[in-house]
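> Need coordinates for the below:
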Amino acid sequence: MSAHGLVLFGIGIPVAAMFGASLAGLAHRRTASACLQLIGAAGLLMVVLTHITEALHWLPWMGWGQAHSAGHYLDLASAVVGLTLLPVGYLMGKLRERAINRLLKNVFGREKTQH
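Model prediction:
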């Protein structure tokens, strides 16, 4: 395997795990933040997949690696979506959880139990 293939493999495994965790999170709690996280993780997974197709020379009509090609813009748009929505969804979820814990503490004098 080439060095490029090892890098793709090394990046692809955590991204796929992040996508799986985001999918499980959406199945567990159907919130806007979980949905944004899943869309962001899908965007990052698309970035990895575009680089795999570029390395394997699949779909050459997409113009992988060329400026102003469909492949370039697909890769760019996926990266922007992933790097924007994944952290936004995560932060929204944490802020929501923090607000719920604060409300429970103020009303009932306890915090939400983790399960």
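
> make it CA atoms for all contacts and neighbour counts henceforth
Will do.

> now stretch 45-63: mean pLDDT?
For stretch 45-63, mean pLDDT rounds to 92.

> For stretch 16-30, buried residues please.
The neighbour-count check on stretch 16-30 (16 or more other C-alpha atoms under 10 Å) flags 16, 18-19, 22-23, 25-26 as buried.

> In helices, which of those fall?
Within those, residues falling in helices by DSSP state H are 16, 18-19, 22-23, 25-26.

> now, which of these sits nearest residue 41?
The nearest member of those to residue 41, counting by C-alpha to C-alpha, is residue 19 at 5.0 Å.

> Do I have it right that the closest one meets residue 35?
No - between residue 19 and residue 35 no contact is recorded; they are 11.3 Å apart, counting by C-alpha atoms under 8 Å.

> Just give me the longest helix of this structure.
helix 70-108.

> So for that helix, mean pLDDT?
Mean predicted confidence for helix 70-108 is 93.

> ok, now stretch 2-20?
pLDDT averaged over stretch 2-20 gives 91.

> mind exporting that stretch as PDB, just the C-alpha atoms?
Extracted C-alpha coordinates of stretch 2-20, given in PDB (Å, rounded to 0.1, in the frame of the first residue of the first chain):
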ATOM      1  CA  SER A   2       1.300   3.400  -0.900                       C
ATOM      2  CA  ALA A   3       1.900   6.200   1.600                       C
ATOM      3  CA  HIS A   4      -1.200   8.000   0.300                       C
ATOM      4  CA  GLY A   5      -3.300   4.900   0.900                       C
ATOM      5  CA  LEU A   6      -2.000   4.500   4.500                       C
ATOM      6  CA  VAL A   7      -2.900   8.100   5.200                       C
ATOM      7  CA  LEU A   8      -6.400   7.600   3.800                       C
ATOM      8  CA  PHE A   9      -6.800   4.500   5.800                       C
ATOM      9  CA  GLY A  10      -5.600   6.200   8.900                       C
ATOM     10  CA  ILE A  11      -8.000   9.100   8.400                       C
ATOM     11  CA  GLY A  12     -10.900   7.000   7.100                       C
ATOM     12  CA  ILE A  13     -11.200   4.700  10.200                       C
ATOM     13  CA  PRO A  14     -11.800   7.500  12.700                       C
ATOM     14  CA  VAL A  15     -14.100   9.400  10.300                       C
ATOM     15  CA  ALA A  16     -16.100   6.200   9.800                       C
ATOM     16  CA  ALA A  17     -16.300   5.700  13.500                       C
ATOM     17  CA  MET A  18     -17.400   9.300  14.000                       C
ATOM     18  CA  PHE A  19     -20.100   8.700  11.400                       C
ATOM     19  CA  GLY A  20     -21.300   5.600  13.200                       C
END
